[in-house]
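In: Mind looking at a prediction? Sequence and model below.
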Amino acid sequence: DGIGRRGTFVELADGRILFSTNGGRFRTSPDGGLTWSESCEGVDADGRSLGHGEGSLVPLADNAIGYASRYRMTDDSDQSTCVVFFRSEDGGDTWSRPVRITAPGQDHAQLNGTALRTSSGRIVVPTYAGMRMASDPEAVRKQSGAYLRDQWVGVGAHDYDPAWCWCSAYYSDDEGHTWHGNREGEIFIWDEEAMNWNRTAEPTVEEVAPGHLLMFMRTELGRLYQSWSSDNGETWTAPKPTLLAASNSPAQLKRIPSTGDLVVVWSQASEEDVERGVGRSRLSTAVSRSQGAVWEFFQNIDSALEGTRIEPG
């Protein structure tokens with residue numbers, strides 16, 4: 001079932017690791033990830049699947065666990081895709097009915113594994129939403145391509161139709177029973193020098209100090225962009241560019257438990273890489289010992305290209 005794709009992990013009370021992939025299929029490991037059980041589909045209290053696409057597991061109080069998932073409500077006049085929250089009191093064997101996280105009106109999603117429980121106990125789920133200007137997404141996908149031997153062939157993994165995306169952060173102070181959105185609403189980029197707006201997507205968040213959060217966002221501007229919150233996710237600064245060169249692809253931002261340092265995993269790409277169409281050919285990591293102010297110790301997990309530290313264009 002595509003183990004490793006869209007994965008999210010949480011440690012259970014008995015020491016086992018619970019892993020979810022591909023929209024609510026679960027496996028457990030009793031030995032720190034060396035061996036895994038067969039996968040099984042998670043269902044809610046009504047027997048429905050726990051959603052589709054990206055999910056995020058998060059620890060809750062009293063050894064419960066939560067699961068934020070992309071979902072389509074069936075008993076709602078709003079048919080847009082939303083992000084919802086499930087609870088399990090028995091290590092993922094059974095799950096509650098879904099509680100809507102995101103506001104209705106637009107299609108919402110999340111990047112897998114990005115739900116966060118802060119030091120205060122607040123649960124923060126970064127999300128993104130968007131709207132398309134093309135009425136037929138399948139027709140748009142056929143437009144994403146190039147001519148090869150006088151034939152039109154599809155290239156790339158995404159459709160690049162005119163669209164608009166923005167990020168948000170939702171939080172809960174009662175173990176996922178109710179949710180609130182960040183106060184300023186949509187988080188996107190205003191480029192004062194160029195006098196234009198730019199979209200953001202697939203945010204990832206980590207706590208850098210009690211009540212202080214850092215968000216990284218996917219952009220089309222050759223870098224990861226960042227936003228800060230000093231009130232535990234309620235408000236966020238305007239996104240600004242990092243010094244991390246990036247293709248138009250998501251990142252994962254996490255804290256290293258043994259040191260407290262931050263680590264980012266992302267598709268590092270130069271301006272030339274993007275122009276050549278090889279923007280996703282270098283999977284890199286970097287570490288920050290300064291709460292995200294400075295990044296160092298650049299390494300490649302896997303790469304088809306030279307270079308472990310790429311200067312942003």
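Out: Structure's in. What do you need?
In: give me the low-pLDDT residue ranges for the stretch 51-200 of the chain?
Out: 75-79, 132-147, 153-162 (pLDDT under 70).
In: ok, 80 please
Out: Across the stretch 51-200 of the chain, the ranges flagged by pLDDT under 80 are 51-53, 73-80, 105, 131-149, 151-163.
In: Can you point out the buried residues in the one helix or strand Val125 maps to?
Out: Val125 is part of strand 123-132, with elements assigned from DSSP states H and E. By neighbour count on 16 or more other Cβ atoms under 10 Å, the buried set for strand 123-132 is 123-129. Quick note: C-beta positions are derived from backbone N, CA and C, even for glycine.
In: Same check on stretch 272-288?
Out: 273-274, 279-288.
In: now do stretch 226-239
Out: 226-229, 232-234, 236, 239.
In: so which of the residues you listed comes closest to Arg199?
Out: Pro239 (10.5 Å; Cβ to Cβ).
In: Pretty sure the closest one sits against Ser227.
Out: Yes - using Cβ atoms under 8 Å, Pro239 is in contact with Ser227, at 4.8 Å.
In: okay, and the common contacts of the two?
Out: By Cβ atoms under 8 Å, 6 or more residues apart in numbering, Pro239 and Ser227 have these common neighbours: 187, 217.
In: The residue nearest to Pro250 when sequence neighbours are not counted and Glu184, how far apart?
Out: What sits nearest to Pro250 in space, not counting adjacent residues and going by Cβ to Cβ, 6 or more residues apart in numbering, is Glu202, at 3.8 Å. Going from Glu202 to Glu184 by Cβ to Cβ, to the nearest Å gives 19 Å.
In: Same drill for the two, tell me which one is more crowded.
Out: For Glu202 versus Glu184, the count of surrounding residues by other Cβ atoms under 10 Å is larger for Glu202: 23 against 13.
In: rewinding a little: can you lay out the buried residues of strand 123-132 as a markdown table showing distance to Ala13?
Out: Converted to a markdown table, these look like this (distance: Cβ to Cβ, whole Å):
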| residue | distance to Ala13 |
| --- | --- |
| Ile123 | 18 |
| Val124 | 22 |
| Val125 | 22 |
| Pro126 | 26 |
| Thr127 | 28 |
| Tyr128 | 32 |
| Ala129 | 34 |
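In: Can you tell me which of those residues is closest to Trp152?
Out: For the buried residues of strand 123-132, the nearest to Trp152 is Tyr128 (30.4 Å; Cβ to Cβ).
In: and the closest one, bridged to which residues?
Out: Ala109, Cys167 (DSSP bridges).
In: quick one: it and Ala201, what's the gap?
Out: Look at Tyr128 and Ala201: by Cβ to Cβ, they are 5 Å apart.
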